[in-house]
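Chemist: only the shape, not the letters, is given here:
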């Protein structure tokens, strides 16, 4: 079987990755500005925003699952030259996003108070946290559409469109945060209300832009919404890929919620630790920019190669992306380390919060090579439809290593947040080892669609 020259493969990886690196940079700026402005208002606002921002991912679980399944199905279909099948999967993904994007707010709004209590949020920030959650629930319908639309464009290798959408979202959100959150440019200073409603309107505009571009590209038309007999035959593959991806998101983010609860109930400085965790996570996310971009690139290329019937090329391209990522992340980490103190002080002006943020970053920056390995290989396995393996690796690392170790070290041994940060390093190492073993030793290519074609539909 003919293979791609290494130079051509590297060029292809770069052409798909650089727009996605910039996209993730703008995504980072959204969260960075949110947390910085929240810190300028009050550290309690910063803590409440950090809790709900992390919790929001729990509500986006189905959107993320459908996006992952969609990238696998659409990219494999395009790699196999099955254009009609790819278009119909686009329609199926968009319809699913619309349905669940409306269902979550309807179910979540009546239970928002219970949800905040389950998070063990300290009483002095509970009302604030509940308000943030309420507005973010209203944001879910356009957020679902934005996530799935961007996945569709990535699967089609149109990686510039998600970049433009994120630039628009970032610009609107930043102007709203500064103008309405802090009262700049003569606008009313609304505080936390300005922050959360800026997020709402920016996501709405991003989703509207995505729909416009789908229409402009000729993708969004009535014919992509297939008859029920096709959906009945095609949905099983999407579900086969999406349910482990969705369950993985539940396992991963519920693990984060439990980690927040463990941190919130620490014997010492729990609210300061939560604020430091929120601030540190925003700084740490700088290092996730190339990792997320390469995760997405791996998913696209592995899907296309498998669709074209080249399973060994799919494995090679996954390992090549991993090698490029590890080399690049070492440079980025060293550069960030040299400016870590002033950056942490900028996003967390409270000295006590800054101290917690710096300690959080110290342990989690040590974990970055493991984190990057996990993310890239998870992307490659996702492009193959082998999301069951991702569920296995993430589940074991989170629930058998991270959370028990966080409670033992944070509550019983050290009695402070350091124990929680150590547990995060240990779990990332565990996850990376599991996924690397699976990717190099197991037959994950068998999950691809080309193995399960069914007549003229699949």
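Modeler: Arrived safely, thanks for sending. If you're wondering where the values come from, they're calculated on a predicted model, not measured in any experiment.
Chemist: would you map the helices across the stretch 301-450 of the chain?
Modeler: 311-338, 340-347, 351-366, 368-383, 387-395, 403-407, 418-441 (DSSP state H, counting those that start in this stretch).
Chemist: what is the rounded mean pLDDT of the last one?
Modeler: The average of the pLDDT scores along helix 418-441 is 93.
Chemist: coming back round to it: out of the helices of the stretch 301-450 of the chain, deepest packed?
Modeler: helix 368-383 (a mean of 26; mean count of other CB atoms under 10 Å). Placement of C-beta: from N, CA and C, glycine included.
Chemist: by how many degrees do it and helix 387-395 diverge?
Modeler: 160 degrees (axes from the mean of the first three to the mean of the last three CA atoms, to 10 degrees).
Chemist: what about helix 368-383, distance to the chain center?
Modeler: Distance, stretch centre to chain centre, for helix 368-383: 12 Å (CA atoms, centre = their mean, to the nearest Å).
Chemist: helices and strands around it, which ones?
Modeler: Counting contacts by 3 or more CB pairs under 8 Å, 6 or more residues apart in numbering; DSSP states H and E, helix 368-383 packs against helix 61-79, helix 270-307, helix 311-338, helix 387-395, helix 418-441.
Chemist: report how many residues lie close to the closest residue to residue 346 other than its chain neighbours.
Modeler: Nearest non-adjacent residue to residue 346, counting by CB to CB, 6 or more residues apart in numbering: residue 36, 7.1 Å away. Other residues lying near residue 36 total 20 when counted by other CB atoms under 10 Å.
Chemist: looking at the helices and strands packed on helix 368-383, which has the lowest confidence?
Modeler: Averaging pLDDT over each of the helices and strands packed on helix 368-383 puts helix 270-307 lowest, since it has a mean of 84.
Chemist: just to check, residue 281 is in contact with residue 49?
Modeler: No. Assessed by CB atoms under 8 Å, residue 281 is found out of contact with residue 49, at 11.5 Å.
Chemist: quick one, which of those two is more surrounded?
Modeler: residue 49 (28 against 20).
Chemist: what stretches of the stretch 51-200 of the chain score poorly on pLDDT?
Modeler: 54, 119-120 (pLDDT under 70).
Chemist: hmm, try it at 80
Modeler: 51-58, 108-109, 111-128, 192 (pLDDT under 80).
Chemist: now the helices for it?
Modeler: 61-79, 83-108, 112-118, 126-155, 160-176, 192-216.
Chemist: which other residues reach the fifth one?
Modeler: Read that as helix 160-176. 19-20, 22-23, 26-27, 29-30, 33-34, 146, 149-150, 153-154, 194-195, 197-199, 201-203, 205-206, 209-210, 213 (CB atoms under 8 Å, 6 or more residues apart in numbering).
Chemist: list the buried ones in it?
Modeler: 161-170, 172-176 (16 or more other CB atoms under 10 Å).
Chemist: ok, of those, which one's closest to residue 104?
Modeler: Using CB to CB, residue 169 is the member of those that lies nearest residue 104, at 19.7 Å.
Chemist: could you measure from the closest one over to residue 308?
Modeler: Look at residue 169 and residue 308: by CB to CB, to the nearest Å, they are 34 Å apart.
Chemist: follow-up on the earlier one: show me the contacts for the residue nearest to residue 346.
Modeler: 282, 346-347.
Chemist: how about the residues you listed in TSV, adding distance to residue 136?
Modeler: TSV is the format used below for those (distance: CB to CB, whole Å):
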residue	distance to residue 136
282	17
346	25
347	21
